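Enquirer: Here is the input, now give the coordinates:
(chains A and B)
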Amino acid sequence: MLTILFDGIAYGMLLFVLASGLAVTLGLMNFVNLAHGSFAMAGGYVTVALVNSLGVPFFLSLPLAFLVSGLLGLLFERTLYVHVYRKSHLDQVLFTIGLVFMSVAAVDYVMGSSQVFVRIPRELQGQFSVFGVGIGRYRLLIIIICGLLTAVLQYILARTRFGSRLRAAVDDGRVARGLGIDVNRIFALTFAVGSGLAGLGGALGVEILGLDPAFPLKIMIYVLIVVTVGGTSSIIGPFLASLLLGICDVAGKYYAPAVGPFVIYSIMIIVLLWRPQGLFARAASR
Amino acid sequence: MIPSPAAIRAATDWLAARARWHPLEVLFWIAAFAAIYLLPGRHLIMTEVAWLGLFALSLDLILGYAGIISLGHAAFFGIGAYAAALLAKHEIIGEPVLALLCAGALAAVVGFLTSFLVLRGSDLTRLMVTLGVALLLREVANRNGWLTGGADGLQGVTIDPVLGHFRFDMFGHTGYTYSLIVLFVLFVLARRIVNSPFGLSLLSVKSNPLRAAAIGISVDKRLIAIYTIAAFYAGIAGGLLAQTSAFASLEVFSFDRSADLLLVLILGGTGWLYGGVIGAVIFKFMQDYLSSLTPQYWPFWIGLVLVVIVLVGRERIGTWSEPLRRWVGTVEKSVTRRRSAPEHGG
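Expert: Have a look, this model is predicted:
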């Protein structure tokens, strides 16, 4: 029972890392980015390639996955996304779906369509028990990393100068520009960090979620649920939503495998009907 | 105040002028029906064009005329497909036309019930809710393998002859004729709907719901009505797929299908009914060509087309059809007016 709770929390934390970047681009920048999962997939494949083919230590591959996905995100933001910010939501949806299709087919072409695995170091395998609760080492690692990340993110967004500039740029881009804030640069940087986080999540998730070219499509639904249910006005909302989703999903698969996904989709629809702005959102700011 | 007789006459004349058939439209349908005799070797793919065109037409009704973005339109398509296949398999209703109507009606019922979900919220909420409904239905079909065949799909379906006379053949001759007639009938119906006062009120709801409500249009009722009608159309399209291919699988509910559908409609342009049909022609032949070049990777090219369309600008791509639209003249005024005004959130 507690083990399931633990696994659920680990899974939820992982979802949060995957979704946090989207929470920022979608929530703060109001940009519907369905291709977020593609950056996560990039991180996953970077890790797989580094660890399995080049023998890079697993721990070293994680920051590299973050970097590569972040740079990729920066590249795409500067060259492509920047033209789509001001278009309608329909255009954004079409554009990012197009990117998803392209990334799926491209990875399929380069890496093959079969599922790949990553060799994780031996000290992370297996589980130990504390007061009779089985704790997987790898899942514990995920919880630690993601917990730290959440704290850092919340700190950056709420307390630092960069955070307040970002919020200012989002709330009213024109006034922010007038105050001398370089809005474009802030958006680019934020987008890059968000993509990097997705890449990190993808790298961590290979072991738990599995990785194949259809990964962006599979993960897209989950991260969108996290962001829409959690609301997009803070980082805490998506965090709670991903914990909730993770625990529900794991528990659902364990106790009621026949209706598992059913429950999640139904909850999402009900929450969105009840509170279209998300479960933990403050009143709509605009 | 009661409008003067002259004003009423002017309004009806204007509506009638809007609804008048243009020679080009007549030509279009003559060409489509001529293909029955002129292109017998192409009937299989043209059957697919017919049901895809009908499906895209149904999305156009809600996206182009009511401004609802849906990522889950495959939900109704899937219901229609499974309904038609199951009715035929268990020989509840053997006659295809009747079964098709039942499939459409079932989809319409589900459309009506879920229409309440899309009334509230922003574009994003609508996206997620429609997507959620489609996923939910896919999961239901997946879990109830005893009824739907689960992941293997519904096999062993035999479709009776249409109206008891015209047997489906493996070259798609009957399938194409049948699909085309269904498409034509429903197209004429849709044309009447969008050119009616009801259709005009939908356009006003799309451009500005608040103002539409202020001049006395009950926004929610219009949206529910058009969403239900669109679900009916999508259900019929799904039913056509199931009947002409004698098969239904989980793939009918898939996200890819909803996404492809958006591309189809965008290729042809939204907000004029021919967009869906022409988009379907372009899409199917493009898919046919690309998948013969690179069988496994053709989604890449589909994605590329989407990205390029958005970057170049949907309005600019849409303009290829602008002269055509002007000739056709049915939606000319509303379209040009809408295009000059900035779009509000899709």
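Enquirer: Report how many residues lie close to B:V109.
Expert: 15 (other C-beta atoms under 10 Å in any protein chain shown). Yep, even glycine has a C-beta here, placed from its N, CA and C like the rest.
Enquirer: And for B:M128?
Expert: Neighbours of B:M128 (other C-beta under 10 Å): 26.
Enquirer: residues touching A:V51, list them.
Expert: A:P57, A:F58, A:S61, A:V118, A:R119 (C-beta atoms under 8 Å, 6 or more residues apart in numbering or on different chains).
Enquirer: ok, how many other residues are close to the last one?
Expert: A count of neighbours around A:R119, defined by other C-beta under 10 Å, yields 12.
Enquirer: got the end-to-end distance for stretch B:201-215?
Expert: 10 Å (C-alpha to C-alpha, to the nearest Å).
Enquirer: Could you do stretch B:119-127 as well?
Expert: 12 Å.
Enquirer: who wins for neighbours among the contacts of A:V51?
Expert: A:S61 (22 neighbours).
Enquirer: hmm, back to that, which of the contacts of A:V51 sits closest to chain B?
Expert: Among these, A:V118 lies closest to chain B (C-beta to the nearest C-beta), at 24.5 Å.
Enquirer: After the lowest-mean-pLDDT helix or strand in chain A, which helix or strand is next?
Expert: The helix or strand with the lowest mean pLDDT-type score in chain A, counting by mean pLDDT, DSSP states H and E, is strand A:127-130 (a mean of 72). Scanning forward in sequence from strand A:127-130 by DSSP states H and E, the next helix or strand is strand A:133-136.
Enquirer: Please spell out which residues along that next one are buried.
Expert: A:I135, A:G136 (16 or more other C-beta atoms under 10 Å in any protein chain shown).
Enquirer: For residue 49, grab the count of nearby residues.
Expert: In the absence of a named chain, chain A is used. Residues near A:A49, counting by other C-beta under 10 Å: 17.
Enquirer: Please refer instead to chain B.
Expert: By other C-beta under 10 Å, neighbour count at B:V49 equals 27.
Enquirer: Kindly report the residues of the stretch 1-150 of chain B close to chain A.
Expert: Residues of the stretch 1-150 of chain B lying close to chain A (C-beta under 8 Å from any C-beta of the partner chain) are B:63, B:69, B:71, B:117, B:120-125, B:127-129, B:131-133, B:135-136, B:139-140, B:143.
Enquirer: so where do the helices sit in the stretch 1-150 of chain A?
Expert: A:2-22, A:36-48, A:54, A:58-79, A:89-111, A:137-159 (DSSP state H, counting those that start in this stretch).
Enquirer: How about the stretch 201-346 of chain B?
Expert: Under DSSP H, counting those that start in this stretch, the stretch 201-346 of chain B gives helices at B:209-214, B:219-245, B:255-268, B:274-293, B:298-312, B:314-318, B:322-328, B:332-340.
Enquirer: And for the stretch 151-286 of chain A?
Expert: Using DSSP H, counting those that start in this stretch, helices in the stretch 151-286 of chain A cover A:161-171, A:173-178, A:183-209, A:215-230, A:236-255, A:260-274.
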